[in-house]
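Engineer: Predicted model follows, preceded by the sequence.
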Amino acid sequence: MQASLIPYILVARRLGIALITLIIVSFAVFFATDLLPGDVAEILMGQAATPEAVAGLREAMGLNQPAFLRFLGWLGGLFTGDLGTSYVNQMPVADLIGGRLANSLKLAGVTTAVSVPLALFLGITAAMWRGSAYDRMVTALTITVISVPEFMVATLAVLIFAVWLKWLPALSFGAEVGTFWALLKAYTMPVITLTFVVSAQMIRMTRAALIETIDTPYVEMARLKGAGRIRQVLRHALPNALGPIANAMALSLSYLVGGVIIVETIFNYPGVAKLMVDAVATRDLPLIQSCAMIFCVSYLTLITLADLVAILSNPRLRR
Amino acid sequence: MPDASQPLVTVRDLHIGAVTDSGRQVEIIKGVSFDIRPGEFVALIGESGSGKTTIALSLMGYCRPGCSIAGGTVTLDGRDVTAMSEADRAELRGTEVSYVPQSAAAAFNPSKRIMDQVVEITGIHRLMPRAEAEAKAVSLFRALALPQPETIGRRYPHQVSGGQLQRLAAAMALIGGPKLVIFDEPTTALDVTTQIEVLRAFKAVVQKGGVSGVYVSHDLAVVAQIADRIIVLKGGEIQEENTTPKILTEARHPYTRALLAAVDPVPHQPRSIAGLQPRPPILEAIDLHAGYGTFQNGEPAVKVLKNINFRLERGRNLGVIGESGSGKSTLARAVSGILPPYRGAVLLDGHELDGDLKERRKEDLRRMQIVFQLADTALNPAQTVGSILARPLKFYHGLRGAARDARVDALLDMVHLPAALKYRLPRELSGGQKQRVNLARALAAEPELILCDEITSALDTVVAAAILKLLEELQSELNLSYMFISHDLSTVEAICDDVLVMYKGEVVEELPAARMSAEAAHPYSKLLISSVPQIDPGWLDSLDQDPELLAAFSRR
Amino acid sequence: MPKPMFLSPARHGFRFNWAGRIGLAIVLLWGAVALVGPLITPYPVGEIVDWDYFGPMSQKFLLGTDYLGRDMLSRILMGARYTVGISLAAVTIACSVGVVLGMIAAVVGGIFDMGLSRLLDAINGIPGLLFGLVVVAAVGSSLTVLILTLATIYMPGAYRFARSLAVNVNTMDFVTVARARGERTPYLIAREIFPNILGPVLADLGVRFVFIVLVLSGLSFLGLGVQPPNADWGALVRENIGALSFGAPAVVFPSLAIASLTISMNLFIDNLPTRIRDRSA
């Protein structure tokens, strides 16, 4: 086997695994919502429905087809952009999701833009001065944030910024976001909360990745060549830790998926997650399935990205 | 020659402390004093834990994490490095004193090109412009006999061989024009044929440059080739210090004498085979092939062993020697069925065994036991010595209760360990003790044949010698045969009757152990045998090896 | 010097720092509260004992009252039973199934290992909270559903962790020696591998416990976890979220309870007792 081909083979294999995973995931999402107890037709018709009426609805909805065929139909629909029709308000799911998805992506994008540089800075500096008071403070802070549920970070943020300091509105997004200030205010609370949750993971993993490379013989060798601490870390350790750090970034960003569900609910933010939580309350299955797939795909993309970075950053694979 | 009356390095009453996990202070260097004169090469020799590397690093004002200089002075060129600030010490490192590590493969940064790392010292200390530094590096590469000196610096560390990296590390140490170079076991990880070249290259550049050197090693024969003076260390204290010829001829300290004795073992006396009735050989391999990877057309992707044939007669010992990658450990795995051979046959006492150990009869498994190199990983860390030894007794012999306990005691006694050791966990034992337990577990099966895979390689010389003595003793008591795999020729010589020389997965020659150098006919065997360092200080300089042969067989 | 590769329980020679001790103590305290909950509540859990809702901390109601005027201390003490109990049950199922499957996969290898690993990786590819949401949407919320759902979410992680440890141990010479002796898979798993991965597996159990507490609290906070009239700590926060704007104890203390449990567990895991490697002592 030619050595130069190895990275491509590894990447192709990882992408193949991601694809298989995606199919299994969609299978799981479909059957978890569709096959488990609770007949959709009965639920829709209510308690008073006659058996004939339920049977008619089942027929109309295609629920009498074998489950596997319905799964294939649904999967085909996903690929062609036909996400089905909401049970509750009879609108196409794609229309319901459209604008909401843009809102969620905006939230995720802003959070990423804030948390990545912040986490890199704190993680690298904490590793550089390992064991110092600064490092211990960063570590204690991150472990605390990681240990508490997202809704606590959110409520604490509300308590501090809205209730005590009165800088920001507490639980409103419905207000107009015409001006820059209004926009800033609307985004600030959700972004602060998500940034805390995501950065804490990133800082911890960045610090750990860098410390692992600082403890290698080649960094000791750099020191024995007379290199100072900053040179040891930035010139010798960091380049070798870039892969693991990028991996940590992508992996931490997957925490956004869980965080966003809580944050959108708390702050009444009109995103996909809020839509999905509402859909769960009304048992609107097509909507739940589509939202779930959106989250699974973004989550899967991020963890696949993390793995790809890890594969490609191996210096031995470099030409 | 610089002024030889004034020492370059003066170490006085050096104490180095370490903090254990329990927070207890222990002293690992206990008051060491010595001098190094300009241009002099001093060897620090001792077993693992003797403190030789710790002392060498302290000459750079450096201690590994957890250690610290507790007292005494280290004066380098008139300045006390123990009293300096870390910034001042950094000034010294690379310019006044530099370091060649044991494993260059680990000490080179995998993501930077070699040239960038070799000239880095000149950049850190602003010694010369980059172009000048690169020119100097290339001239050093040339002096160190590196291939393609003009372009080798453009490669990444993983693209050059271990022997080359070791010489590149020397270039890295010499680029800043230091007065003192510390060589920390720089050839220990190399094969013997590679070691020769590296040693020669080191000697050449160091003699030409007139720098002083400290050479840390556990190998007296290697040190004898390069050092003017030898300091023998044990337990953080100097045992003996003298010029190289005097240490080698009139060593006073018992420890030094034990080291010397271990290097030059008494050759093995073949045992007279009792009873002359013809019996089949205890072990025979016919046309053995083995390899790893996915199979295609009945052959694996990576073929390691090719066409191996040998016979091991009852009561005799067969040595297998070869360098790393020669397939000698794979041979043990193929014979024992851990890696089933894809072609050929293994015969135990005349009858053919199944290739896969899963298909072998329990009785056949019992008769042939295998003992591995690293006792650390060969003993289950979660089981006591007693239960490690008890398992084969129950498994093969169905022993239980008091009978089994008595047998465990007897086994421990057989390998000269106290019975109380059975309550201990492996990590509480020393390296030598672990290897004895490892051996006792094989004996518990009451085997007729033991495959020993590098079982003394990880041990200190003196401890290894004791294990070899034990093996001989057990052989005469229990009528055992050994297949003894090693990269160390003198070990094989000490225990074996016959020797297979392996190269690239094939047996190139079979020789009687006692007359290896005399009877070797194959060029590789000759090269391998002549590359083993001898105690004689003039050995390296007078060694006459065909460079083309060396180039053909050593992987540099 | 050998690396602390194996953290098997030994009889002596451990060092345990104060941070770890405090963490363990608080975790054990909550465990005890979960066990004896109903015996130590000052008031019956469901009973409205005060006319005032969101009452402040007082002599009578140490942690104030909730949105209906029920005693918060009693509700938190009972909530421990749900939060700790459900999480412990889920983590036990997740880890025991995951670890056993992981060890078998590592020792047996081949198709079994590949198939199982792929399948479980796929389940791992679903974010936990989302999985919970979907299942609860489909089958409704009950204690059994919650426990099984949480266990399903975290089983693949436990499997992956145990498998990677077991694969490492499986390559060690002592396992090869046992194999060469003729030992079969059950012996290899039970005697050679399991004791050597036990330490890290227990630490992983602790980490996973924290994750499960967080997801359970999140589900309850969304109203999809423990259903009224019962309440775990997440549900207590949800019930009393109305008190957030004036920072009443009814919303602060359940949050603190969750934080104290999870932070203590992480503190304990980060400061596990380490073996003293002090051979010369």
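Structural biologist: The structure has been received and is ready for your questions. Numbering: from 1, shown residues only, chains lettered A, B, ... in the order given.

Engineer: can we go C-alpha only for contacts and neighbour counts from here?
Structural biologist: OK.

Engineer: does the residue of chain C found nearest chain B sit in a helix or strand, and which one?
Structural biologist: Across chain C, the shortest distance to chain B (Cα to the nearest Cα) belongs to C:Phe174, at 4.1 Å. Using DSSP states H and E, C:Phe174 falls within helix C:173-181.

Engineer: before we move on, what about B:Leu288?
Structural biologist: strand B:283-296.

Engineer: Quick one: check the very next helix or strand once past that strand for contact with chain A.
Structural biologist: Per DSSP H and E, the first helix or strand lying C-terminal to strand B:283-296 is strand B:299-312. No. Using Cα under 8 Å from any Cα of the partner chain, strand B:299-312 stays clear of chain A, coming no nearer than 10.5 Å.

Engineer: What residues of strand B:299-312 count as buried?
Structural biologist: Within strand B:299-312, the residues scored as buried using 16 or more other Cα atoms under 10 Å in any protein chain shown are B:Glu299, B:Pro300, B:Val304, B:Leu305, B:Lys306, B:Ile308, B:Asn309, B:Phe310, B:Leu312.

Engineer: Also stretch B:80-96?
Structural biologist: B:Asp80, B:Val81, B:Thr82, B:Arg89, B:Ala90, B:Glu91, B:Leu92, B:Arg93, B:Gly94, B:Thr95, B:Glu96.

Engineer: and B:Ile28, that's in a helix?
Structural biologist: No. Under the criterion used here (DSSP: H, G, I helix; E, B strand; the rest coil), B:Ile28 is strand, not part of a helix.

Engineer: out of the buried residues of stretch B:80-96, which touch chain A?
Structural biologist: Contacts with chain A within these, as defined by Cα under 8 Å from any Cα: B:Arg89, B:Ala90, B:Glu91, B:Leu92, B:Arg93, B:Gly94.

Engineer: Quick check, pLDDT for the fourth one.
Structural biologist: pLDDT recorded at B:Leu92 is 90.

Engineer: Please report the distance of it from B:Met60.
Structural biologist: 8 Å (Cα to Cα, to the nearest Å).

Engineer: just the fifth one next, same as before
Structural biologist: As for B:Arg93, its distance to B:Met60 is 7 Å (criterion: Cα to Cα).

Engineer: Name the residues contacting each of those two.
Structural biologist: Residues touching both B:Arg93 and B:Met60 (Cα atoms under 8 Å, 6 or more residues apart in numbering or on different chains) are A:Leu224.

Engineer: Just give the closest residue to residue 128, not the sequence neighbours.
Structural biologist: With no chain named, the answer covers chain A. Nearest non-adjacent residue to A:Met128, counting by Cα to Cα, 6 or more residues apart in numbering or on different chains: A:Val233, 6.7 Å away.

Engineer: could you do chain B instead?
Structural biologist: Spatial nearest neighbour of B:Met128, chain neighbours left out: B:Thr122 (6.0 Å); criterion: Cα to Cα, 6+ apart.

Engineer: What residues of stretch B:153-161 count as buried?
Structural biologist: Buried-residue list, stretch B:153-161, by 16+ other Cα under 10 Å: B:Gly153, B:Tyr156, B:Pro157, B:His158.

Engineer: low-scoring pLDDT stretches of chain A, where are they?
Structural biologist: Counting by pLDDT under 70, the ranges of chain A that qualify are A:1-4, A:32-49, A:54, A:57-65, A:168-186, A:314-319.

Engineer: helix, strand or coil for whichever residue of it sits closest to chain C?
Structural biologist: Among all residues of chain A, A:Thr21 sits closest to chain C, at 4.5 Å; criterion: Cα to the nearest Cα. Following three-state DSSP, we place A:Thr21 in the helix state.

Engineer: Would you check that it makes contact with C:Asp121?
Structural biologist: Yes. Counting by Cα atoms under 8 Å, A:Thr21 touches C:Asp121, with 7.2 Å between them.

Engineer: Strands of the stretch 201-350 of chain B, start to end?
Structural biologist: Assigned by DSSP state E, counting those that start in this stretch, the strands in the stretch 201-350 of chain B fall at B:212-217, B:229-234, B:237-243, B:283-296, B:299-312, B:317-321, B:343-348.

Engineer: that older thread, restrict the buried residues of stretch B:153-161 to those near chain A?
Structural biologist: Answer for the buried residues of stretch B:153-161 near chain A (Cα under 8 Å from any Cα): B:His158.

Engineer: Tell me which of the buried residues of stretch B:153-161 has the lowest pLDDT.
Structural biologist: Looking at the buried residues of stretch B:153-161 by pLDDT, the weakest one is B:His158, with 85.

Engineer: quick one: pLDDT of the residue of chain B found nearest chain C?
Structural biologist: Using Cα to the nearest Cα, the single residue of chain B nearest to chain C is B:Ala378, 4.1 Å away. We have a pLDDT of 91 for B:Ala378.
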